[in-house]
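Colleague: here you go, sequence then predicted model.
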Amino acid sequence: MMDEETIVVEETGMAKWRLFLLVGAGVFLSTMDSSMVNVALPSIMRSFSVPLIQVQWVVLIYLLTITVSLLFWGVAATRLGTGTVYLFGIGVFGAGSVACALAPNLWLLIGARLAEGVGAAMMMASGPVIIRDAFPRRELGKGLGMIGIATSAGLMSGPLVSGLLISWFSWRMIFLVNLPISLVILVSGIYLFGISGVGNGARSRRQFDGRGALLWAVVVLSFILYAHFLPSSGWFFRTGGVLWLALATTLFVWTERTRKSAILPLHLFGKSYYHIGLITAAISFGSLFVVLVLLPFYLDLVRGLPANLIGLVMIAMPLSLFVVSPVSGMLFDRLGGRILTTAGLAISFVALLTLATIDAVSSLPAICARLVLLGMGQSMFLAPNTASLLSRIGDDDAGVTAGLLATSRNLGMLFGAAFAGIVFAAWFSWFTGGAEIRHFDAGQSGQFVAALRATFICAAAVSLAAVLISWQRER
């Protein structure tokens with residue numbers, strides 16, 4: 001017969017995996033939704049008879065809302081309980097999805113996507129902390145690493161599911177499919193949080209810094225909009241934008257330093273593992289998005305591949321998450337974060353260098369192999385980097401740290417996309433004697449490849465800086 005201690009251990013083990021499935025389902029839902037909407041944009045554009053410049057806000061408003069509000073919901077989770085914030089998040093996300101499906105015009109669809117973004121931000125800010133609380137510290141890396149499987153499953157299944165639903169029904173169905181999944185997660189979460197005790201109750205009674213939260217939102221929103229409009233702006237916007245960003249950031253830092261209850265955990269930024277973890281997260285995702293933005297153009301314009309084949313090539317990167325992410329998480333529990341995060345960034349650096357060697361006739365399997373290598377580097381970095389922060393901080397700062405990590409990643413994506421557009425356009429103009437990519441013709445394939453290589457080399461240089469920075473973190 002099993003003694004009482006053995007029964008408690010087994011029940012605890014089952015509870016952590018149930019909570020893992022709960023968080024993983026939310027991650028899967030939010031990532032699948034993002035990748036589904038990208039595929040649906042042409043259908044939405046035709047349905048409402050609006051130009052592309054307006055339709056892109058269906059994607060942009062979602063990303064803006066998440067990035068701006070992540071830190072707020074991270075702080076809210078420490079005051080209200082991570083389980084409460086997570087359940088409200090899935091509820092808001094589900095309601096927003098229904099509103100998206102029923103939207104009679106583009107602007108109401110964009111408003112409903114904003115609601116979806118709020119719900120997704122609530123889940124992103126509280127989910128990692130739930131994993132942190134459910135798993136013993138010695139297994140935290142394993143839990144966070146396994147989340148990578150849910151992420152990759154969502155990213156890879158989204159385009160396929162979206163294509164089938166749009167072909168069989170309409171673009172509205174890609175939002176309605178979120179409703180039953182959201183309801184299952186909501187009902188399961190109410191039950192699991194109730195019996196496990198994880199995620200219940202406030203972690204902190206400190207006063208909420210409303211002024212700091214507002215200034216933070218202004219700073220982040222300013223950075224995002226500046227990065228978005230920078231490629232098409234003139235010198236006045238570029239110069240004025242830099243001055244405004246410097247002023248807003250200075251005001252925010254000054255306000256946070258003079259308040260007793262700051263929204264940011266300033267006492268942690270002096271520790272190398274903390275600020276290095278945030279900086280390298282941003283650089284890692286920035287370099288990743290340089291490839292995600294530019295490579296499809298190469299496959300389309302230079303290689304002439306159809307859209308479905310381009311999708312199959314690009315799917316090689318998240319495919320590696322299935323294997324590497326859980327392994328890197330388990331290795332963190334044995335080796336710590338310094339070696340794994342640095343090694344992951346180094347692999348990404350090498351992958352960018354190999355991508356800089358492709359030409360107009362490179363084989364598709366060779367390109368896929370380079371993407372798999374890049375995915376391996378990102379997977380080896382992500383879970384240990386997250387665990388290296390969450391495993392060292394107290395309950396008061398766990399929610400805000402999860403929010404800051406997600407914010408760093410989102411800002412990295414945005415600036416990576418802006419970097420890709422600006423740097424590639426500059427190199428393409430240099431090699432073609434002043435031509436713009438929108439006027440591309442087949443005779444410029446050589447110049448396109450040269451500009452692509454140069455841009456990947458520039459991204460590799462930035463990635464190398466992240467490798468050197470990561471090695472400086474505390475052992």
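Modeller: Great, that's in hand.
Colleague: buried residues in stretch 287-303?
Modeller: 287-299, 301-303 (16 or more other Cβ atoms under 10 Å). Backbone N, C-alpha and C define where each C-beta goes, glycine included.
Colleague: correct me, but residue 237 touches residue 229?
Modeller: Yes - between residue 237 and residue 229 there is a contact at 6.9 Å, judged by Cβ atoms under 8 Å.
Colleague: okay, domains of the protein per the record?
Modeller: 1-208, 209-262, 264-475 (automatic domain parsing).
Colleague: would TSV of those domains with mean pLDDT be doable?
Modeller: Converted to TSV, these look like this (pLDDT from 0 to 100):
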stretch	mean pLDDT
domain 1-208	77
domain 209-262	77
domain 264-475	82
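Colleague: what's the spacing between residue 47 and residue 58?
Modeller: 11 Å (Cβ to Cβ, to the nearest Å).
Colleague: looking at the two, which is more packed in?
Modeller: residue 58 (22 against 16; other Cβ atoms under 10 Å).
Colleague: and that one, how far from residue 111?
Modeller: Residue 58 is 11 Å from residue 111, by Cβ to Cβ.
Colleague: over to residue 435. Which of the three states is it?
Modeller: coil (DSSP: H, G, I helix; E, B strand; the rest coil).
Colleague: so it touches residue 427, yeah?
Modeller: No - between residue 435 and residue 427 no contact is recorded; they are 11.5 Å apart, counting by Cβ under 8 Å.
Colleague: compare the two (neighbour count), which wins?
Modeller: residue 427 (20 against 15).
Colleague: need the helices for the stretch 351-475 of the chain, in chain order.
Modeller: Ranges of helices in the stretch 351-475 of the chain, per DSSP state H, counting those that start in this stretch, are 364-390, 395-432, 445-470.
Colleague: and the last one, what's buried?
Modeller: Residues of helix 445-470 classed as buried under the neighbour-count rule (16+ other Cβ under 10 Å) are 445, 447-460, 462-464, 466-467, 469-470.
Colleague: just checking, what packs against it?
Modeller: Where contact means 3 or more Cβ pairs under 8 Å, 6 or more residues apart in numbering; DSSP states H and E, helix 445-470 is packed against helix 272-297, helix 337-355, helix 395-432.
Colleague: and those helices: which comes nearest residue 185?
Modeller: Judged by Cβ to Cβ, the one of those that comes nearest to residue 185 is helix 395-432, at 18.4 Å.
Colleague: next, the buried residues of that closest one.
Modeller: 396-421, 423-425, 427-428, 431-432.
Colleague: with stretch 36-54 instead?
Modeller: Applying 16+ other Cβ under 10 Å to stretch 36-54 flags 36, 37, 39, 40, 43, 44, 45, 47, 48 as buried.
Colleague: list the contacts of residue 448.
Modeller: 298, 301, 302, 428, 437, 440 (Cβ atoms under 8 Å, 6 or more residues apart in numbering).
Colleague: and the gap between it and residue 359?
Modeller: Taking Cβ to Cβ, one finds residue 448 at 11 Å from residue 359.
Colleague: could you dump the buried residues of stretch 36-54 into JSON lines with secondary structure added?
Modeller: Output for the buried residues of stretch 36-54, formatted as JSON lines (three-state DSSP):
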{"residue": "36", "secondary structure": "helix"}
{"residue": "37", "secondary structure": "helix"}
{"residue": "39", "secondary structure": "helix"}
{"residue": "40", "secondary structure": "helix"}
{"residue": "43", "secondary structure": "helix"}
{"residue": "44", "secondary structure": "helix"}
{"residue": "45", "secondary structure": "helix"}
{"residue": "47", "secondary structure": "helix"}
{"residue": "48", "secondary structure": "helix"}
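Colleague: out of those residues, which comes closest to residue 316?
Modeller: Among the buried residues of stretch 36-54, and counting by Cβ to Cβ, the member closest to residue 316 is residue 39, at 17.7 Å.
Colleague: looking at the helices and strands packed on helix 445-470, which is closest to residue 84?
Modeller: Comparison of the helices and strands packed on helix 445-470 against residue 84 by Cβ to Cβ identifies helix 395-432 as nearest, at 11.4 Å.
Colleague: packing partners for that closest one?
Modeller: The contact analysis (3+ Cβ pairs under 8 Å, 6+ apart) places helix 395-432 against helix 57-80, helix 106-134, helix 210-229, helix 272-297, helix 364-390, helix 445-470.
Colleague: looking at those, which is nearest to residue 29?
Modeller: So among those, helix 106-134 is nearest, using Cβ to Cβ, at 8.3 Å.
Colleague: residues of the closest one that come out buried?
Modeller: So for helix 106-134, counting by 16+ other Cβ under 10 Å, buried means 106, 109-110, 112-134.
Colleague: for stretch 64-78, same thing?
Modeller: Applying 16+ other Cβ under 10 Å to stretch 64-78 flags 64-78 as buried.
Colleague: can you put the helices and strands packed on helix 395-432 in CSV and add distance to residue 194?
Modeller: Below are these laid out as CSV (distance: least, Cβ to Cβ, whole Å):
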stretch, distance to residue 194
helix 57-80, 16
helix 106-134, 14
helix 210-229, 30
helix 272-297, 33
helix 364-390, 24
helix 445-470, 40
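Colleague: of all these, which lies closest to residue 319?
Modeller: Of the helices and strands packed on helix 395-432, the one closest to residue 319 (Cβ to Cβ) turns out to be helix 364-390, at 6.8 Å.
Colleague: okay, the angle between the closest one and helix 106-134?
Modeller: 60 degrees (axes from the mean of the first three to the mean of the last three Cα atoms, to 10 degrees).
Colleague: mind checking how far helix 364-390 is from the chain centre?
Modeller: Distance of helix 364-390 from the chain centroid (Cα atoms, centre = their mean, to the nearest Å) equals 13 Å.
Colleague: burial of the closest residue to residue 274 other than its chain neighbours, as a residue count?
Modeller: Leaving aside its chain neighbours, residue 274 sits nearest to residue 268 (4.5 Å; criterion: Cβ to Cβ, 6 or more residues apart in numbering). By the measure other Cβ under 10 Å, the count of residues near residue 268 is 19.
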